[in-house]
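Engineer: Sequence first, predicted coordinates after that:
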Amino acid sequence: MARRSRLRAVATAAGAAALVAGVFGMGPARADRADAARGMTVRFAEHELFIGTEPASVSLSYRWKVAGGGTAHHVHLVVDLSGVADFAEPAPSEHCKGNLCTLDLASATSDFHAITLVPKPGAAVGSSGTVTVSGTASDATVTGDRLTLTNGATQLKVSASAEQLRQVPGDMLNFPLDVWNNGQLPAAKGVELRIGTTAGLHLQGSWANCRDVPASDRGGHIVRETLCDFPTPVEPGRQYALSSPLRVKVGDEALRDKIVYKFTPLTSAAPANGPGTPLTLVPRGAMPSDGNIDPYFTTYVNSVNHADFAVTGHTVTGRRGGHATLHATVIDRGPAVVQDLLDDDAFLSVLVKLPPGTKATKIPDNCQPPPTDDGSDPGPRMGRSSYECYFGDPAPGDRHVLSFTVAIGPRTPAVSTGQVRTLGVMKGLDPDAFNDSAALTLRLAQGGSAGGGTLGGFGGSWIVWAAGALLLASSVAVALSRRSRGGN
């Protein structure tokens, strides 16, 4: 019996351990970590590379990663260049010998490495081949990758316009663009022109080979993009011009704007965009000996315009010892769109000073205590009397309400007035200073305090009356008690 009891106890303990492992994942977690360490991938950053003329080399980068965040050990990675050995070779490196570039790692989790390849003298332009990366590890299976390398490249350049313009709303701008190929290989299927504009600039006209697409450069404040496809091959050393200049109107909302245009090779046939007259490329002969060195160009347009920001205040009633909620309103009346094209962290800011004698107990998420003069941490957010609030990229028509709940102190004046006003970025942009600030007013209700030692907030007179009533009731009770005893 004792032996059966011990076996039953062992079985029960084993079952409990299995249950704990199943619930808390103790056993499977170890297995998962072991399995994770057995899988490691190595991938090229790009899968199609070209050796061009600017510069006459290319950086081949690859990254490795162990699945599940595990670690692989005794890793040996090999980049095989034999498929491109006829036209490319690695720059002098301690990791390369012949057509093989190796990298040995005692342990690996996630990282990357790069190799520089240069063209061999006299190599045929247009030659192409495959580069592979593979590897081994003592405790992981390594999955490799491959890419295509070509000797030569298509290198498009676009003509430069004015770098900066100063305009007024209603002006019309013209951009007569040229494109040329400074590379060794043609843009055989044609080229694509991408035109991006910020809110205050409007591309005029429509063409059969152009279409609007969602803006891809939100960080740079680009809000509109147009793609134009040209099936005309752009040959090395040759220059081509648009059949008509781009016309761009400066809108009523213009203030700080830009237009960006860029040419890239078409990788497939140009799509059919619809009926209408197409914009075309016209040959202009040999490319210029000097000029813009990039396939893109940006023109910044600063307009003489303004934006009217108006703030409105609020008046509330409260009692000492109680709470009240004040609402400050900020309205963008336009017409200009205020944005900083060179700094994505630019904000419209307002300063809120709460009525004297009050402290904040609830504030909006976009508000903080004002920064200190030395840049140190201003401290806790709650319990302050002033705050700075921030709005990113305000647009005409925007309306923001800032709600502050405050505790009313025992020494708050009968009428206490704070303020909300615009700050910083609006200087020089808002010509109407009359509506840049407003009052936040707290009036104490008649009848005294909500706290400060008073009972129920009804004032001291009530206490005197209540005390008298209690005394009278006590006297009546004593008299009745004596009469009752006398009657017995």
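Structural biologist: Structure received. This structure is a prediction, so every number in the text was calculated from the model and none was measured.
Engineer: where does the stretch 151-300 of the chain have low pLDDT?
Structural biologist: 217-219, 270, 272, 274-275 (pLDDT under 70).
Engineer: The longest strand along the chain: how far from the chain's middle?
Structural biologist: Assignment by DSSP state E gives strand 323-335 as the longest strand of the chain. Here strand 323-335 is found 26 Å from its chain centre; the criterion is Cα atoms, centre = their mean, to the nearest Å.
Engineer: Can you give the domain ranges for the protein?
Structural biologist: 39-151, 156-303, 307-444, 456-483 (automatic domain parsing).
Engineer: Let me have the ones you listed in JSON lines, adding mean neighbour count as columns.
Structural biologist: The C-beta positions use only the backbone N, C-alpha and C, and glycine is treated the same way. Output for the domains of the chain, formatted as JSON lines (neighbours: other Cβ atoms under 10 Å):
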{"stretch": "domain 39-151", "mean neighbour count": "16"}
{"stretch": "domain 156-303", "mean neighbour count": "17"}
{"stretch": "domain 307-444", "mean neighbour count": "17"}
{"stretch": "domain 456-483", "mean neighbour count": "11"}
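Engineer: ok so, going back, sheet-wise, list the partners of the longest strand of the chain with their directions.
Structural biologist: Sheet pairing here is set by DSSP bridges, and for strand 323-335 it gives strand 307-312 (antiparallel), strand 399-408 (antiparallel).
Engineer: Make a markdown table out of those and add mean pLDDT.
Structural biologist: Shown next, in a markdown table, are the strands paired with strand 323-335 (pLDDT from 0 to 100):
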| stretch | mean pLDDT |
| --- | --- |
| strand 307-312 | 92 |
| strand 399-408 | 96 |
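Engineer: can I get the ones you listed in JSON lines with distance to Pro90?
Structural biologist: Formatted as JSON lines, those follow (distance: least, Cβ to Cβ, whole Å):
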{"stretch": "strand 307-312", "distance to Pro90": "56"}
{"stretch": "strand 399-408", "distance to Pro90": "58"}
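Engineer: quick one, which of those strands is nearest to Gly190?
Structural biologist: Of all those, strand 307-312 sits nearest to Gly190, with 42.0 Å by Cβ to Cβ.
Engineer: what's the closest one in contact with?
Structural biologist: 255, 328-338, 348, 350, 394, 396, 420-422, 426, 429-432, 435-438 (Cβ atoms under 8 Å, 6 or more residues apart in numbering).
Engineer: Need the pLDDT of Ser449.
Structural biologist: Looking at Ser449, its pLDDT is 56.
Engineer: Equivalent analysis for the one 10 residues further on, please.
Structural biologist: Among the per-residue scores, Gly459 shows a pLDDT of 37.
Engineer: got the CA coordinates for the helix or strand Tyr387 falls within in CSV?
Structural biologist: Element membership for Tyr387, per DSSP states H and E: strand 386-392. Provided in CSV are the C-alpha atoms of strand 386-392 (Å, rounded to 0.1, in the frame of the first residue of the first chain):
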residue,chain,number,x,y,z
SER,A,386,0.2,77.4,-17.1
TYR,A,387,0.6,75.1,-20.1
GLU,A,388,1.8,75.1,-23.7
CYS,A,389,-0.4,73.2,-26.2
TYR,A,390,0.8,72.1,-29.7
PHE,A,391,-1.0,71.4,-33.0
GLY,A,392,0.9,69.9,-36.0
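Engineer: pLDDT on that strand, on average?
Structural biologist: Mean predicted lDDT for strand 386-392 stands at 89.
Engineer: Parallel or antiparallel, which strands does it pair with?
Structural biologist: Short version: by DSSP bridges, strand 386-392 pairs with strand 347-353 (antiparallel), strand 367-368 (antiparallel).
Engineer: list the helices and strands the very next helix or strand once past the first one packs on?
Structural biologist: Note on strand 347-353: by DSSP H and E, the next helix or strand toward the C-terminus is strand 358-362. The elements that strand 358-362 packs onto, with contact taken as 3 or more Cβ pairs under 8 Å, 6 or more residues apart in numbering; DSSP states H and E, are strand 323-335, strand 399-408.
Engineer: which residues are in contact with strand 358-362?
Structural biologist: 323-325, 354, 382-385, 387, 403-409, 412, 416, 418, 442.
Engineer: What strands flank it, and is each parallel or antiparallel?
Structural biologist: In its sheet, and by DSSP bridges, strand 358-362 pairs with strand 399-408 (antiparallel).
Engineer: Which is the succeeding secondary structure element to the strand it pairs with?
Structural biologist: strand 415-423.
Engineer: now the angle from that following strand to strand 347-353?
Structural biologist: For strand 415-423 against strand 347-353, the angle between stretch directions is 170 degrees (axes from the mean of the first three to the mean of the last three Cα atoms, to 10 degrees).
Engineer: From here on, call the first residue 213.
Structural biologist: Sure, I'll start numbering at 213, so the last one becomes strand 627-635.
Engineer: Which neighbouring elements make contact with strand 627-635?
Structural biologist: Short answer (3+ Cβ pairs under 8 Å, 6+ apart): strand 627-635 packs on strand 519-524, strand 535-547, strand 559-565, strand 649-656.
Engineer: could the ones you listed go into a markdown table alongside distance to Ala284?
Structural biologist: Below are the helices and strands packed on strand 627-635 laid out as a markdown table (distance: least, Cβ to Cβ, whole Å):
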| stretch | distance to Ala284 |
| --- | --- |
| strand 519-524 | 57 |
| strand 535-547 | 55 |
| strand 559-565 | 46 |
| strand 649-656 | 62 |
